Each structure stands twice: as C-alpha cells, then as structure tokens.
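>>> Based on what follows, work out the 3D shape:
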Amino acid sequence: MSENSQAGKERKTAIAPMLSVRNGKKAIEFYKAAFDAGELFRVENDSGEVVAQLSVGEAEFWLADESPEHSNFSPETLGGGSVRMILTVEDPDATFARAVSAGATVVWPVDNQYGWRLGRIVDPFGHHWEIGKPLPKVPPIAG
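Just a heads-up that it's a prediction; the model follows:
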C-alpha cells in the first residue's frame, strides 16, 4: 500500500496506540485473523521488520517490531505491559471467540460486569485486550 494512501483524507485529532511486538509479520496476521483487522499502511525493511497501521472497523492502531536501540520493547521482552487495549464491538462474544480461536489466551471470559458485556484476552505477543460493549441502560422503575 502506498505511503500516500491517506493523502487528501481530512484528519481529526486522534490518538492511536502503537504496539511493540517481537514478530511484526506474525502479529499482523494474528490481528487480521482475530479481529478482522484491515491493513492500512505497511513499511518493511530489508531485515523483515515492519511498521504497520491496522484498523478494526473505524478504530486504528499501529504495530512495529520492537527496537531496543530506540527503547521500544514488547511485553514479551518486558515480562508484561503497561497498557490494556479496550476494543468496543457490537458482538463481544463473537469477537472474543474469534480472538481465542486465532491464538489468544483467555484472562477472563465474557460476562456482564460494570455495566458492560466484557471479557479479557492476552494476544500471543503479550498485549491485553478487553473486548466488550456497554450494556443498555435500564430505566429506573417508577414507584
């Protein structure tokens, strides 16, 4: 995909995480399989290391092979991460099951809690994802 593929697209202020991983090519394939991610942008060097922009629906995130020389470490290298991703989707149960089928590990299953339908997985690269959606608000009973 061309580096200019986003040219002409009006941008709003946004924050998109960049996930550091040990194997960028494998991570891209996992996110495609687990979340039906689309690949918006990709750069690959001669060593096979990648930087890529992905999207799940309209939500975008980036990933890159870790680069210790630039102080970018994956959760695998660090023994854990400091950020959890929250993926809000229409069908948390189906998305959760798809992620587990693609190789994610269940941290806790999807359930109704805190006003959300929510579950948590860890992907094969050490990143934690909470997958859910807000539950409909129940109006108070008039009495």
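>>> Below-threshold pLDDT in the chain: ranges please.
Applying pLDDT under 70 to the chain flags residues 1-9, 11, 143.
>>> what about G126, distance to A33?
Separation of G126 from A33 (Cβ to Cβ, to the nearest Å): 17 Å. The C-beta positions use only the backbone N, C-alpha and C, and glycine is treated the same way.
>>> Which of these two has more residues huddled nearby?
Neighbour comparison, G126 and A33: the larger count goes to G126, with 18 against 15 (by other Cβ atoms under 10 Å).
>>> Any idea how far stretch 117-131 is from the middle of the chain?
The chain centre lies 8 Å from the centre of stretch 117-131; the measure is Cα atoms, centre = their mean, to the nearest Å.
>>> And that stretch, what's buried?
Neighbour-count burial for stretch 117-131 flags 117-131 (criterion: 16 or more other Cβ atoms under 10 Å).
>>> E76 in helix, strand or coil?
Following DSSP: H, G, I helix; E, B strand; the rest coil, E76 is assigned to helix.
>>> same check, this time on S47
S47 - assigned by three-state DSSP - is coil.
>>> what's around it, how many residues?
S47 - counted by other Cβ under 10 Å - has 7 other residues nearby.
>>> any idea how far D65 is from it?
For S47, the distance to D65 - Cβ to Cβ - is 9 Å.
>>> now do P140
P140 sits 52 Å away from D65, going by Cβ to Cβ.
>>> Name the residue in those two with the higher neighbour count.
Taking other Cβ under 10 Å, P140 and D65 do not tie; D65 has more neighbours (21 against 6).
>>> The more buried one pairs with what?
According to DSSP bridges, the partner residues bridging D65 are V21.
>>> isn't it right next to G24, touching?
Yes - D65 is within contact range of G24, at 4.3 Å (criterion: Cβ atoms under 8 Å).
>>> which neighbours do the two share?
Counting by Cβ atoms under 8 Å, 6 or more residues apart in numbering, the residues touching both D65 and G24 are 49-51.
>>> Out of the residues you listed, who's the most crowded?
For those, the largest number of neighbours (other Cβ under 10 Å) sits with V50, at 19 neighbours.
>>> List the buried residues in stretch 21-35.
21-24, 27-28, 30-31, 34-35.
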